[in-house]
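Trainee: Pasting the sequence and the predicted model now:
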Amino acid sequence: MLQNCQTEAFLERLPIYLNQLSQYSSDYVSASILAKDLGLGEVQVRKDLAKISRGGKPKVGYILNDLKADIERYMGFDQPTNAVIIGMGKLGRSLYNYHGFQQYHIEIIGAFDIRESFIHVDQLNEYCQEHHIDVAILTVPKDEAQKISDIIIKAGIKAIWNFSPTRLNVPSDVVVQNENLAVSLSILIKHYNDRRKNHGL
């Protein structure tokens with residue numbers, strides 16, 4: 001029986017595996033090769049793959065296309081996901097123009113803002129009645145985030161990818177993934193400084 005392991009680190013590794021698997025042209029792939037190419041521990045990769053696929057065989061590995069399909073199915077990438085962006089500043093525009101989401105069957109079909117060149121955010125509810133929207137990508141200033149998230153929830157959207165530097169107050173049936181770019185950069189700097197100290201740089 002496959003395990004239902006939902007740790008954040010585990011879920012973050014699966015798209016990395018999928019991206020690496022897409023680089024291979026052979027019919028089979030082993031956990032050891034995947035681990036080596038990604039610079040990860042072989043034991044960790046074996047455990048991860050065993051949680052989402054029954055296809056591994058000793059001395060043979062996994063059928064490449066089957067393993068990719070197992071990851072896509074586990075993550076929900078085998079089903080199309082429609083998303084909208086709310087907040088079309090520089091970050092919002094960059095995300096809107098990024099084509100990498102298509103690899104995971106995610107399509108951004110609407111762009112909302114308070115400016116006239118975009119669909120006004122007040123029309124989100126009406127838009128969602130005409131289009132099935134799975135995810136809202138929120139890239140608005142901190143002081144606007146809660147108000148806009150309330151509009152998102154009222155429109156019936158149950159998943160928010162939040163780039164605003166604030167925590168949102170949402171009902172229990174709404175899933176929020178927070179992305180704080182400043183925090184991510186500070187963590188990178190911390191790792192960099194630690195490495196400099198360890199190597200006497």
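Mentor: Happy to help now that I have it. Residues are numbered from 1 along each chain as shown.
Trainee: Show me which helix runs longest in this structure.
Mentor: When the chain is parsed with DSSP state H, its longest helix is helix 181-198.
Trainee: Now do it: distance to the chain's middle.
Mentor: 22 Å (C-alpha atoms, centre = their mean, to the nearest Å).
Trainee: Next: stretch 114-125.
Mentor: Worked out by C-alpha atoms, centre = their mean, stretch 114-125 lies 25 Å from the chain centre.
Trainee: All the strands of this protein, in order from the start?
Mentor: 28-29, 62-63, 81-86, 106-113, 119-120, 135-138, 159-162, 175-178 (DSSP state E).
Trainee: Contacts for the second one, please.
Mentor: Taking contacts as C-beta atoms under 8 Å, 6 or more residues apart in numbering, the residues outside strand 62-63 that touch it are Asp27, Tyr28, Val29, Ser30, Ala31, Leu49, Ser53, Gly55, Gly56. Using the backbone N, CA and C atoms, a C-beta is placed for each residue, glycine as well.
Trainee: thinking the second one is in contact with Gly56, fair?
Mentor: No - taking C-beta atoms under 8 Å as the contact criterion, Tyr28 and Gly56 are not neighbours in contact, 10.1 Å apart.
Trainee: The strands of the chain into TSV, with extra columns for distance to Gly92, mean neighbour count and mean pLDDT?
Mentor: TSV is the format used below for the strands of the chain (distance: least, C-beta to C-beta, whole Å; neighbours: other C-beta atoms under 10 Å; pLDDT from 0 to 100):
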stretch	distance to Gly92	mean neighbour count	mean pLDDT
strand 28-29	37	20	95
strand 62-63	38	20	94
strand 81-86	5	22	97
strand 106-113	7	18	95
strand 119-120	12	14	92
strand 135-138	8	24	98
strand 159-162	11	20	98
strand 175-178	16	13	96
